[in-house]
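Novice: build me a structure from this.
(one chain, ligands or ions: 2)
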Amino acid sequence: MSKVTTNFNDRTIEYEQLLQDFKALLKHNALKFTIQREVILETLYNSDEHLTPEALHKQIQEKFADLKIGIATVYRTLSLLEDSHIVTSLSFGAQGKKYELGAKHHHDHLICTECGDITEFVDEEIEKRQHNIADELGFKMQDHSMQIYGICKKCQNKQT
Ligand SMILES: [Zn+2]
Ligand SMILES: [Zn+2]
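Specialist: Residues are numbered from 1 along each chain as shown. Ligands and ions are numbered 1, 2, ... in the order given. Just a heads-up that it's a prediction; the model follows:
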């Protein structure tokens, strides 16, 4: 019996709530709420992928061609969202960073350093062991993140 789960597309927050949080965040940082910024948030919310800023920018350009959102706006908005833990980022070597919405159920990641492919998983044993370790060491655990780096199946096949 496998204890590894690999599907984490449910959101733990409604979009309307997220949007309210985002507006409050912008206000707090003396930034204007613009349709451009909202589209960045919305696209992240509706994506099941982990996106590079460039891929996110491309998706937005294709869907909202007339909005003319510059890549600089995407970078700036992403780092604002990351600073306030609304999105999280994963590094995948020299190729850069991929972003995902933080409002998903907890999961860990397998990251391919060749193509940047990311697989999400949760293993009950690992989750439990981490809590046990923290308990044993008198540590008050609040969160954890685990990234496993390596070569995905597709890239392994390419090498042979
Ligand atoms: Zn790969
Ligand atoms: Zn993820």
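Novice: which stretches of this structure have low pLDDT?
Specialist: Within the chain, the ranges that satisfy pLDDT under 70 run 1-2, 160.
Novice: residue numbers of this structure in contact with ligand 1?
Specialist: Cys112, Glu114, Cys115, Asp117, Cys152, Cys155 (C-beta under 5 Å from the ion). The way it works is simple: take the backbone N, C-alpha and C, and place the C-beta from them, glycine included.
Novice: now restrict the residues you listed to buried residues only.
Specialist: With burial judged by 16 or more other C-beta atoms under 10 Å, the buried subset of the residues of the chain next to ligand 1 is Cys112, Glu114, Asp117, Cys152.
Novice: show me the residues you listed that map onto strands.
Specialist: Members of these lying in strands (criterion: DSSP state E): Cys112.
Novice: so which of the buried ones among the residues of the chain next to ligand 1 comes closest to ligand 2?
Specialist: Asp117 (12.0 Å; C-beta to the ion).
Novice: and stretch 117-133, does that touch ligand 2?
Specialist: Yes. Residues of stretch 117-133 are located near ligand 2 by C-beta under 5 Å from the ion, namely Glu120.
Novice: now that stretch: buried residues?
Specialist: Residues of stretch 117-133 classed as buried: Asp117, Ile118, Glu120, Phe121, Val122, Asp123, Glu127 (neighbour count, 16+ other C-beta under 10 Å).
Novice: need those residues in JSON lines with distance to Met146, can you?
Specialist: Converted to JSON lines, the buried residues of stretch 117-133 look like this (distance: C-beta to C-beta, whole Å):
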{"residue": "Asp117", "distance to Met146": "17"}
{"residue": "Ile118", "distance to Met146": "13"}
{"residue": "Glu120", "distance to Met146": "11"}
{"residue": "Phe121", "distance to Met146": "9"}
{"residue": "Val122", "distance to Met146": "10"}
{"residue": "Asp123", "distance to Met146": "9"}
{"residue": "Glu127", "distance to Met146": "10"}
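Novice: ligand 2: which of those is nearest?
Specialist: When the buried residues of stretch 117-133 are compared for distance to ligand 2 (C-beta to the ion), Glu120 wins out at 4.5 Å.
Novice: isn't that closest one up against Asp10?
Specialist: No. Checked against C-beta atoms under 8 Å, the pair Glu120 and Asp10 is beyond contact range at 11.9 Å.
Novice: what number of residues lie near the closest residue to Lys63 other than its chain neighbours?
Specialist: Nearest non-adjacent residue to Lys63, counting by C-beta to C-beta, 6 or more residues apart in numbering: Thr43, 7.3 Å away. The criterion is other C-beta atoms under 10 Å. On that basis, Thr43 has 18 neighbouring residues.
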